[in-house]
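Q: mind looking at a prediction? Sequence and model below.
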Amino acid sequence: MIAEAIRQVEDAGPLEDAQAMREAMALRNDGAGRVVERARGLGERIGLQAAWCRARAVSPWILLALVALIVLSGLGFAGNVAGEHRSINVVVALTALLGLHLLTLLLWLIGLLLPMRSLNLSLGGVWFALTARVAGGRHGQAAVLIDAATRLLARARLLPWVLGFASHAIWSLSFAVVLGALLFALAFRSYTLNWETTILDPAFFVRLVDLLGRIPAWLGFPVPDAQTVLAPGNAAPSGQRDWALWLTGCIVAYGLLPRLFFALLCALVWRFRRRALGPDLSQPYYRRLLARFEALAPRQIVDADPGSLRPDVPARVAAGETRDAMLAIGYELPDEIPWPPAAVDAAGARSLRVDGSAGARRDALDALARLRPQRLLVACHASTSPDRGTERFLRELASLSSECRLWLLGDASQEARNRWRAWLAETRLSRFEACDEAAGALRGWT
């Protein structure tokens, strides 16, 4: 999650990460581990971990606040439980306690079949949003973390299940508290349970009570008979007890048990799908990071005879992952050769001059990784002899480029120029097309 949050932060501009890159290289050997370790180091610096700790600290309290809100609103709307007349309209009470629950449960089930981009209307989404707001403010780091978590969960097809688990857990706790309060009130105070109507046939309530009571009856809850339903106010104490237990059974069967079942189902889906969580290393952002790590990796054999090993052909970046731009690099050029020349400026290329030092090479590779140009032009002094340092640098550049050319500048014999071309073939760097003149180096790129 921290890696995804750092990716979102760097969408607005790259962070200074030289130290984080070095620490990640030293601590981890695999690409994914290095990406995560780099993100952890940057997250510590900009406060993401601190915001995550605050979010974890406040989230249980926000969950309990949502439970209290549901309990109070449900019991308050049910009304008469604490009323002066101690009369409970069972239909109103049942609607108050189960209506919103059944509506949100239906919307969640529809969301599983027809995924929606926004699930903020669920209690899980409300919980996420309130946690981000309380922990870090509307524009704080906690909001970045919550957004990153949401993106990761959506990519792993876990978002509705995680938000659903939070929502079902809130509802389950709410029903447990409601049932406890209801049973306590019914056990130690005397209430009259009834129903009222102006336009409905009393037979409707007989059928309704019988229909709703079937599932609770499987759990051992009694169902009021027709005589008790038709005369609720005049029912014997045993009839009132049946009414109370029928109401309790309906809350258990249609409220608590479905929420517990779906909470368990969400937990099982999370257990089997959580392996899919993690940064998607196929994205261009992570591919650039991996290329930078690869460029930082030291060679295992640095003094071997170049002719004794056959180097690998550098990987080519797909054209779809580059931008329609050109980067021109002057590498180890003598001071008397100006860079960039007028032809390069006229072509609209971004230019860099690299003196061959490790820092300059690193800056050039970072610029190439950020710019992602489709066309790369490297200019070298033709009269010099290429060495292993030049080979490593060109190989690193080629792994981050799509089209590559090598421009041999300066006054040099044809023999010297042919030596460069033979060296390119020998080191399997033939992706770099060697050119002697500006016209050839910029052919088709202007």
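A: Now that the structure is in, tell me what you want to look at.
Q: now stretch 337-355: mean pLDDT?
A: For stretch 337-355, mean pLDDT rounds to 87.
Q: in the chain, where is pLDDT below threshold?
A: The model of the chain has pLDDT under 70 over residues 74-86, 115-122, 136-141, 232-236, 297-320.
Q: quick one, phi psi at S413?
A: phi -70, psi 160 (degrees, to the nearest 10).
Q: helices of the stretch 1-150 of the chain, start to end?
A: 2-10, 18-27, 31-46, 48-78, 90-113, 123-136, 141-155 (DSSP state H, counting those that start in this stretch).
Q: reformat those as JSON lines; add distance to L371 and mean neighbour count.
A: (Glycine included, C-beta is placed from N, CA and C.) Shown next, in JSON lines, are the helices of the stretch 1-150 of the chain (distance: least, CB to CB, whole Å; neighbours: other CB atoms under 10 Å):
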{"stretch": "helix 2-10", "distance to L371": "15", "mean neighbour count": "21"}
{"stretch": "helix 18-27", "distance to L371": "18", "mean neighbour count": "16"}
{"stretch": "helix 31-46", "distance to L371": "20", "mean neighbour count": "19"}
{"stretch": "helix 48-78", "distance to L371": "27", "mean neighbour count": "17"}
{"stretch": "helix 90-113", "distance to L371": "41", "mean neighbour count": "16"}
{"stretch": "helix 123-136", "distance to L371": "33", "mean neighbour count": "21"}
{"stretch": "helix 141-155", "distance to L371": "25", "mean neighbour count": "20"}
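Q: output these as a markdown table; include the columns distance to Y254.
A: As requested, the helices of the stretch 1-150 of the chain are exported to a markdown table (distance: least, CB to CB, whole Å):
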| stretch | distance to Y254 |
| --- | --- |
| helix 2-10 | 39 |
| helix 18-27 | 53 |
| helix 31-46 | 44 |
| helix 48-78 | 14 |
| helix 90-113 | 6 |
| helix 123-136 | 18 |
| helix 141-155 | 29 |
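Q: for these, which one sits closest to A382?
A: helix 18-27 (33.4 Å; CB to CB).
Q: elements contacting the closest one?
A: In terms of contacts (3 or more CB pairs under 8 Å, 6 or more residues apart in numbering; DSSP states H and E), helix 18-27 is packed against helix 31-46, helix 284-296.
Q: the longest one vs helix 18-27, what angle?
A: For helix 31-46 and helix 18-27, the angle between their directions (axes from the mean of the first three to the mean of the last three CA atoms, to 10 degrees) works out to 140 degrees.
Q: so who does the residue nearest the centre of the chain touch?
A: Geometric centre of the chain, nearest residue: L152, 2.3 Å, by CA atoms, centre = their mean. For L152, the contacting residues are M1, E4, L277, G278, by CB atoms under 8 Å, 6 or more residues apart in numbering.
Q: now the last one. Nearest residue, chain neighbours left out?
A: It refers to G278. A32 (6.9 Å; CB to CB, 6 or more residues apart in numbering).
Q: doesn't L281 make contact with the one you found?
A: Yes - here A32 lies in contact with L281, judged by CB atoms under 8 Å, at a distance of 6.2 Å.
Q: just put the helices and strands packed on helix 18-27 in a markdown table and tack on distance to L163.
A: Shown next, in a markdown table, are these (distance: least, CB to CB, whole Å):
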| stretch | distance to L163 |
| --- | --- |
| helix 31-46 | 24 |
| helix 284-296 | 26 |
